[in-house]
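>>> Here is my input, please return the structure:
(2 chains)
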Amino acid sequence: DAMVIQNPRYQVTQFGKPVTLSCSQTLNHNVMYWYQQKSSQAPKLLFHYYDKDFNNEADTPDNFQSRRPNTSFCFLDIRSPGLGDAAMYLCATSRYGLAGITDTQYFGPGTRLTVL
Amino acid sequence: GEDVEQSLFLSVREGDSSVINCTYTDSSSTYLYWYKQEPGAGLQLLTYIFSNMDMKQDQRLTVLLNKKDKHLSLRIADTQTGDSAIYFCAEIIPRGGADGLTFGKGTHLIIQP
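This is a model prediction of the structure:
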C-alpha cells in the first residue's frame, strides 16, 4: 500500500503559469518535506512542515510556496515557473523530524515537472 | 559546511561485490543513510548508521564508517541485476527542529552480465 502519494507523476506547465503539486500520506507523520532534484543533481531540501509550522530553507526562492491544510496533505505551489524550475519534486514524511533519534524519511515517487 | 561527495558511476559484474563510496564534511552528522532510487521511482531507504558506529551489516549490505576521515561506504555482496539503480549517500545534521537530509549526487550502479 502506498504510504506517500504524489500527484500527478508528470506535470507539464508553461513558463510563468502557476502550478501546484500534491502530496498525501497515510502514515500520520508529523513532518512533511519537499525536495527538488534536478537532472544528475542531489535532492535539495526546499522546506518542511513540522505539524502546522512552516520552515523555509534559507536559499529557497520566493517563487516556491507550500500549504499544509491538514496532517495528510501538503502542496507545493510554484507561482511563476521558469525553465530552471524543471526538475523532479520529491515529497517525504517523518514521524518526529528529529536528527537525534532514528527517524526514517519516507519518500513518494516524485512529480517530474516540465516547463515549456 | 554541508557537502556530500560520491562518484557518479560504478560498473560491476553480476555476482561480484559492489562498493560505493561517499565522503562528507560535517563532523556533527548524527546519522548517515544510503538511499536507492530506481528509474521513475522515489527514494527508498536501504540502511543507515549512527555516527558512533564503525560498521553495520544487514543481509547483503555492509556499511562502513570511518569518522576520522569522514568516509562512508556501502558494500553490496553478490550484486544482482535488480541492484541496478542510483545510490544516494545522505547525512542529517541536527540544527534544532525538524531536520532535512543533505544528499550526495548519487552513484549510478551498472551491472554487467
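>>> need the residues of chain B near chain A, please.
With Cβ under 8 Å from any Cβ of the partner chain as the criterion, chain B meets chain A at residues B:4, B:8, B:30-31, B:35, B:40-45, B:48, B:50, B:88, B:92-95, B:97-106. (Glycine included, C-beta is placed from N, CA and C.)
>>> List the ones among these that fall in strands.
Secondary structure from DSSP state E places B:4, B:31, B:35, B:43-45, B:48, B:50, B:88, B:92, B:101-103 of these in strands.
>>> hang on, the earlier thing: give me the buried entries from the residues of chain B next to chain A.
When the residues of chain B next to chain A are checked for burial by 16 or more other Cβ atoms under 10 Å in any protein chain shown, the buried set is B:4, B:30-31, B:35, B:42-43, B:48, B:88, B:92-93, B:98-106.
>>> Could you report the neighbour count for whatever residue of chain A ends up closest to chain B?
In chain A, the residue that lies nearest chain B is residue A:97 (2.8 Å; Cβ to the nearest Cβ). Neighbour count for residue A:97, taken as other Cβ atoms under 10 Å in any protein chain shown: 22.
>>> Can you tell me the element the closest residue to residue A:95 other than its chain neighbours falls in?
Leaving out its chain neighbours, the residue that sits closest to residue A:95 by Cβ to Cβ, 6 or more residues apart in numbering or on different chains is residue A:29, at 4.9 Å. In the assignment (DSSP states H and E), residue A:29 maps to no helix and no strand.
>>> so residue A:29 touches residue A:103, yeah?
No - Residue A:29 is beyond contact range of residue A:103, at 9.4 Å (criterion: Cβ atoms under 8 Å).
>>> OK, contacts around the most centrally placed residue in chain A?
Chain A has residue A:34 as the residue nearest its centroid, 2.6 Å off, counting by Cα atoms, centre = their mean. Taking Cβ atoms under 8 Å, 6 or more residues apart in numbering or on different chains as the contact definition, residue A:34 lies against A:23, A:45, A:46, A:47, A:48, A:66, A:74, A:76, A:89, A:90, A:91.
>>> Show me which residues of chain A sit near chain B.
Checking chain A against chain B by Cβ under 8 Å from any Cβ, the hits are A:4, A:6, A:30-31, A:33, A:35, A:40-45, A:48, A:50, A:55, A:57, A:90, A:92, A:94, A:96-100, A:102, A:104-110.
>>> Among the residues you listed, which lie within strands?
Those of the residues of chain A next to chain B lying in strands (DSSP E): A:4, A:6, A:31, A:33, A:35, A:44-45, A:48, A:50, A:55, A:90, A:92, A:94, A:106-107.
>>> ok so, going back, pLDDT at the residue of chain A closest to chain B, what is it?
We have a pLDDT of 73 for residue A:97.
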